[in-house]
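Chemist: After the sequence you'll find the predicted model.
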Amino acid sequence: MVKAYLRYEHSGAFGVISSSANILYDASGKQLFTGALENILLWNIRQGSQVASLSPETPSSSTSTKAAAEVTKIALSPINQQLAAGYSDGTVRLWDIPSHTCLVTLSGHSGAVTALRYSSSGALLASGSADTSLIVWDVVGEAGLCRFKGHKDAVTDLALIHQGNKLISSSKDGCIKVWDVLLQHCCQTVLGFKGEVWSLDVGPSEQRLVAGCVDSDLRVYAIRSPKSSSTDSQLANNSVGGRLTAASDSDDNQDAQMVVAMEAAAAAAEGANGLQQQQQSGKHDVLVCMGTVRRAGQERVVLIRFDASGQLLGVMGAGKGLEVFRVHSTDEAVKKMKRRRKRKKEKQQHKAAKMAEDDTPGGQQHDEGHGAASGTAAELETLRASDEMGSLYVIMAKHKLKSFSFNPGRLTGCLGQVALGLASNSVEVVDLKESGYEVGSRLDLGGHRSDVRCLALAADDTQLLSGSNSGCKLWDPLSGACLGSIDTGYALCCVYAPGNRHALVGTKEGAIQLIDVGACTVIHTEQAHNGPVWSLALLPDKSGFISGSADKSIKFWTWTVTTVKQQLNGEQQEGSNNNNSSKKGGKKAGRSKDTGANAQQEDAATVVRQLGFTQTRTIEMADDVLCVRVSPDGRLLTASLLDATIKVYYLDSLKFFLSLYGHKLPALTLDISSDSTLLVSGSADKNIKVWGLDFGDCHKSLFAHQDTITAVAFVKGTHYAFRSAGIDLARHTLTVSSWSNTTHYLLYDPARALR
């Protein structure tokens, strides 16, 4: 026997500005790309409006049961209007920005794409994945060139250098690897990190690489150019002073860069033996350690990026701070090194003079030994990483940072501009100046700043109300546009009143608020409970509603109509206040003026009738009430309690009828079928149970999700239950998703399923 079931398809998501993907400026610096779940949005920064959306074609649920893959990384081509996007299913899509179309879809990874970079020529694209592999793609040929496997954990970041001939990658396995793209092998592995290497970046001139891991130090490496390999042995035999002279007197820029790289290698060694070993064993290495730079933050590094000019370096930690470093020029770095050497030399001379005051033979011998050691240390002093860059200041945001991007355009009056992607579903643009930073424009129109806690759909499907800890928002479900924001308390539940002109919101503070949907204002607030209001349910006869709270009570409310006087002209009130401050000698005149002002005020006021509610009955329960529902026939009242039981009462007499037990953890959501015969419950034990309301027996128990079940609902007029995604599947992006019913049916054959 073949059964037919209704099929629902995901029609879209709205209210999202920036999800888990990184944000990115376009080439002009006037527009910003953000990842919004499976879509890529293009924003006009000045206007704060959405310009375009790059949306992939989602397969129908009849052909695929998988959800649309979320965007994880985006990268912009340096030569043309092309954007590359990596997705959670391991695919990479190339988008044409002017036409907003997908050019090609590249498949090669089995895990989510975690890193994505173009080469400087734009001909190659490198991608890293959570499956520990790296792939270099030919953008023109639209095919993969080579695959690298060598990391033992997920790839965190990568960079292509030397016109795409070398690939540098970092991983959670605690190492950095350099790959030769032409020979297709690993040519260097950099170790010595205290934990996972989370990010790296190469400067625009491809001379320096900065990497960050779990500690507070940034590792700086000099990148050897391919032309310098033939002369490494000759430079290794030169003294430090000779190298400094060559760096200052040479007319060839390539040789000067090469010399600075060798000086960085000398700085990494702490003694003559270490320097000699590094020159012998690492003469073919691409990366040469220059030392470390201490940053202000104590949390791990999340993202490191240079700006387009290479003068600024941004380091984002796993918190609210973005530390900005200034990269000094070669002349400034040499001057800083000379000042440091001079201070150290003066300190050593002062220490030697102080020790020379001792006339004992032992003191003289100690002085001579110390002078020899200090002379050797002075000879080994060369350029350090701290000489080339220094901390400018730390930008502190109001919310946790997810990503950032420097503006590539030329700006006047400031050092640069950076866009911050916040965890509150918003984007802030910050202007960087010498004296400090200023927050400029902000992208936060439409969308919640925190997790969505409740939803209510109007009876005619024209409006949608969503609530979070920062208030409620009104949406158009068809277009996804935000119609308004309502300042309420911490919203835990909401429901539309009959007529769809008003809505009720239960708050964490125990209040029930009545909202005028058209005006987007709260017209009445009732302190209904002493604990959070977890659930609201309308009565079938539309005469009132029921509320359940953590104060172990269920209260019944009925609708009322109240009259309110609205003041049309506030100037009359101000005049009465002035008359009240008259002198004692004019009391009679003041009273007569007050009487006249009050009469005018009453004439100027208008009486308005508005909706309200009053309490009628209360039921005391044994434990906290998590959810309440009333059967459509108006016969039964159901309530789920914190003790993992579900109580059923007769609605008219409030007498106890049934106790449903079987969940191991409390049932957080309930619903009753349209014919009032079945009850479905979703619990924190990850199970859904179907109960019969005639005898209270459990008809079916289903293991639904990998985490807590948040909501269940019956399809009207059927016994089909539509359960919401659990916490394991819910997109934690402060967004609202909509599902539409189709005219197609899903056919199920039990006999074929058993085979």
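Modeler: On my side now, so go ahead. Numbers count the residues shown, from 1 in each chain.

Chemist: What separation do you get for the closest residue to Thr507 other than its chain neighbours and Leu665?
Modeler: Once flanking residues are discounted, Thr507 sits nearest to Gly489: 3.5 Å by C-beta to C-beta, 6 or more residues apart in numbering. (C-beta placed from N, C-alpha, C; glycine too.) Per C-beta to C-beta, to the nearest Å, Gly489 is found 27 Å from Leu665.

Chemist: which residue ranges form the helices in the stretch 351-500 of the chain?
Modeler: Secondary structure of the stretch 351-500 of the chain (DSSP state H, counting those that start in this stretch): helices at 361-379, 385-388.

Chemist: Count the neighbours of the closest residue to Leu654 other than its chain neighbours for me.
Modeler: Excluding the flanking residues, the one nearest Leu654 by C-beta to C-beta, 6+ apart is Ile619, at 5.9 Å. Neighbourhood size, Ile619 [other C-beta atoms under 10 Å]: 18.

Chemist: which SS class is Ile619?
Modeler: strand (DSSP: H, G, I helix; E, B strand; the rest coil).

Chemist: these two touch, right, it and Asp551?
Modeler: No: assessed by C-beta atoms under 8 Å, Ile619 is found out of contact with Asp551, at 11.8 Å.

Chemist: out of Gly489 and Leu665, which sits in the more crowded spot?
Modeler: More neighbours surround Gly489 than the other of Gly489 and Leu665, with 21 against 14 (other C-beta under 10 Å).

Chemist: Can you name the residues that contact the more buried one?
Modeler: By C-beta atoms under 8 Å, 6 or more residues apart in numbering, the contact list for Gly489 reads 505, 507-509, 511, 513.

Chemist: now it: how far from Val505?
Modeler: In terms of C-beta to C-beta, Gly489 sits 8 Å off from Val505.

Chemist: Kindly report the same for Cys482.
Modeler: Going from Cys482 to Val505 by C-beta to C-beta gives 17 Å.

Chemist: between those two, which one's more packed in?
Modeler: The neighbour comparison of Cys482 against Val505 (other C-beta under 10 Å) goes to Val505, with 28 against 18.

Chemist: in which helix or strand would I find that one?
Modeler: Using DSSP states H and E, Val505 sits in strand 502-507.

Chemist: Neighbouring strands - and their directions - for that strand?
Modeler: Counting by DSSP bridges, the strands paired with strand 502-507 are strand 491-496 (antiparallel), strand 511-516 (antiparallel).

Chemist: Please pull out the lowest mean pLDDT helix or strand from the protein.
Modeler: One helix or strand of the chain scores below all others by mean pLDDT, DSSP states H and E: helix 240-249, with a mean of 35.

Chemist: And the spatially closest residue to Ser55 that is not a sequence neighbour, how close does it get to Phe404?
Modeler: Take Ser55 and drop its neighbours on the chain: the residue closest to it by C-beta to C-beta, 6+ apart is Asn39, 4.7 Å away. To Phe404, Asn39 is 21 Å away according to C-beta to C-beta.

Chemist: Same check on Gly544?
Modeler: Distance from Gly544 to Phe404, by C-beta to C-beta: 51 Å.

Chemist: More neighbours: those two, which one.
Modeler: More crowded of Gly544 and Phe404, by other C-beta under 10 Å: Phe404, with 25 against 18.

Chemist: from what I can see that one touches Gln417, true?
Modeler: No: the criterion here is C-beta under 8 Å, and Phe404 misses it with Gln417 at 10.8 Å.

Chemist: quick revisit: hey, what's in contact with both of Gly489 and Val505?
Modeler: Here Gly489 and Val505 have Gln513 as joint contacts, going by C-beta under 8 Å, 6+ apart.

Chemist: returning to what we had before: hey, least reliable of the helices of the stretch 351-500 of the chain by pLDDT?
Modeler: Mean pLDDT is lowest for helix 361-379 out of the helices of the stretch 351-500 of the chain, coming in at a mean of 45.

Chemist: what pLDDT, on average, does stretch 303-312 get?
Modeler: Regarding stretch 303-312, the rounded mean pLDDT is 93.

Chemist: And that stretch, end to end?
Modeler: One end of stretch 303-312 to the other measures 14 Å (C-alpha to C-alpha, to the nearest Å).

Chemist: buried residues in that stretch?
Modeler: Neighbour-count burial for stretch 303-312 flags 303-308, 310-312 (criterion: 16 or more other C-beta atoms under 10 Å).

Chemist: Mind checking which residue lies nearest the centre of this protein?
Modeler: By C-alpha atoms, centre = their mean, the chain has its centre lying nearest to Ala423, at 3.6 Å.

Chemist: Next, find the distance separating that one from Asp694.
Modeler: From Ala423 across to Asp694, the span is 48 Å (C-beta to C-beta).

Chemist: can you check Gly612 too?
Modeler: Using C-beta to C-beta, we find Gly612 at a distance of 38 Å from Asp694.

Chemist: Compare these two and say which one has the larger neighbour count.
Modeler: Ranked by neighbour count (other C-beta under 10 Å), Gly612 and Asp694 place Gly612 first, with 18 against 10.

Chemist: Secondary structure of the more buried one: a strand, I assume?
Modeler: Yes: looking at Gly612 with three-state DSSP, it is inside a strand.

Chemist: Kindly state the pLDDT recorded for it?
Modeler: With respect to pLDDT, Gly612 has a value of 91.

Chemist: looking at this, Met681 is in a strand?
Modeler: Small correction: residue 681 is Ser, not Met. Yes: judged by three-state DSSP, Ser681 forms part of a strand.

Chemist: just to revisit the earlier point, now the strands paired with strand 502-507 as JSON lines including distance to Trp43?
Modeler: Below are these laid out as JSON lines (distance: least, C-beta to C-beta, whole Å):
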{"stretch": "strand 491-496", "distance to Trp43": "28"}
{"stretch": "strand 511-516", "distance to Trp43": "30"}
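
Chemist: among these, which is nearest Ala704?
Modeler: In terms of C-beta to C-beta, the element of the strands paired with strand 502-507 nearest to Ala704 is strand 491-496, at 21.4 Å.

Chemist: which residues touch that closest one?
Modeler: Counting by C-beta under 8 Å, 6+ apart, residues outside strand 491-496 touching it are 453-459, 463, 465-469, 471-472, 502-508, 517, 532-538, 545.

Chemist: three-state assignment of Asp331?
Modeler: Following three-state DSSP, Asp331 is assigned to helix.

Chemist: pLDDT below threshold where in the stretch 51-200 of the chain?
Modeler: Scanning the stretch 51-200 of the chain for pLDDT under 70 picks out the ranges 58-66.
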